[in-house]
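Novice: next one to model:
(2 chains)
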Amino acid sequence: GAVVSQHPSWVICKSGTSVKIECRSLDFQATTMFWYRQFPKQSLMLMATSNEGSKATYEQGVEKDKFLINHASLTLSTLTVTSAHPEDSSFYICSATEGLEETQYFGPGTRLLVL
Amino acid sequence: KQEVTQIPAALSVPEGENLVLNCSFTDSAIYNLQWFRQDPGKGLTSLLLIQSSQREQTSGRLNASLDKSSGRSTLYIAASQPGDSATYLCAVRNTGGFKTIFGAGTRLFVKA
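Specialist: So this is what the prediction gives:
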């Protein structure tokens, strides 16, 4: 089946630094990728939808200048958490699909801890 | 706005018991519905995917049903095992925008 990878799997950083998370589709071309975050003991919340070659669409309440998303190729999307603060500590998961009507496949997630 | 609710929030059962997890959604204009398993601190494992035109899907001891008109889905687990202990998430993918909305999950504990 289709595989989506994320890197890194976990990261610890100091408050104020920026962190980049990669999401890759390994054996298919992902025209659309979705980014989610999950706070402890809560469910996944959609942050943004990114389409290859265009600007991401952010959900209400998600700061686009803080969470920079780049989907520069059909196999890679990146999420950069700029000037991270402890409240940004969360589990970030991406999903990818060949087309909006196709099955979406989820990555294993990246755990971010901001000290 | 689509809302997904899962009941119960937590469930503890003895090993061997059959159980049902419930998921309800407010907007019936769905593209598909998917059940996931999530172990503590881990990512998602897809269990069953039901397309909007389907009524149920089965995989091993798992059976998921979908009733779009009533906005409900159930996940049936037969002969539960301690290894089934995890959080089970219901996720609805809408036709408009194809966004996926997750329920809060049901935390299942199967006692040996």
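
Novice: now chain B, which segments are flagged as low pLDDT?
Specialist: Within chain B, not a single segment meets pLDDT under 70.

Novice: swap in 80 and give it another go.
Specialist: By pLDDT under 80, the low-scoring segments of chain B are B:96-97.

Novice: those residues of it touching chain A, which are they?
Specialist: Within chain B, the residues that sit near chain A (CB under 8 Å from any CB of the partner chain) are B:31, B:36, B:41-44, B:46, B:49, B:89, B:91, B:93, B:97-105. In this view, the C-beta of every residue, glycine as well, is placed from N, C-alpha and C.

Novice: and those, which are buried?
Specialist: In the residues of chain B next to chain A, burial by neighbour count holds for B:31, B:36, B:43-44, B:46, B:49, B:89, B:91, B:93, B:98-105, counting by 16 or more other CB atoms under 10 Å in any protein chain shown.

Novice: what lines up beside the helix or strand hosting B:Leu47 in the sheet?
Specialist: Using DSSP states H and E, B:Leu47 sits within strand B:44-51. Strand B:44-51 pairs in its sheet with strand B:30-38 (antiparallel), by DSSP bridges.

Novice: how about the residues of chain A by chain B?
Specialist: Residues of chain A lying close to chain B (CB under 8 Å from any CB) are A:32, A:34, A:36, A:42-46, A:49, A:93, A:95, A:97, A:100-101, A:103-104, A:106-109, A:111.

Novice: give me the buried subset of the residues you listed.
Specialist: Those of those that meet the buried threshold are A:32, A:34, A:36, A:43-46, A:49, A:93, A:95, A:97, A:100, A:103-104, A:106-109, A:111, by 16+ other CB under 10 Å.

Novice: what ranges do the strands span in the chain?
Specialist: This is for chain A. Assignment of strands within chain A using DSSP state E yields the ranges A:4-7, A:10-13, A:19-25, A:32-38, A:44-51, A:57-58, A:67-73, A:76-81, A:90-97, A:105-106, A:110-114.

Novice: my bad, chain B
Specialist: Using DSSP E, the strands of chain B run over residues B:4-7, B:10-14, B:19-25, B:30-38, B:44-51, B:56-59, B:62-67, B:72-77, B:86-94, B:100-102, B:106-111.
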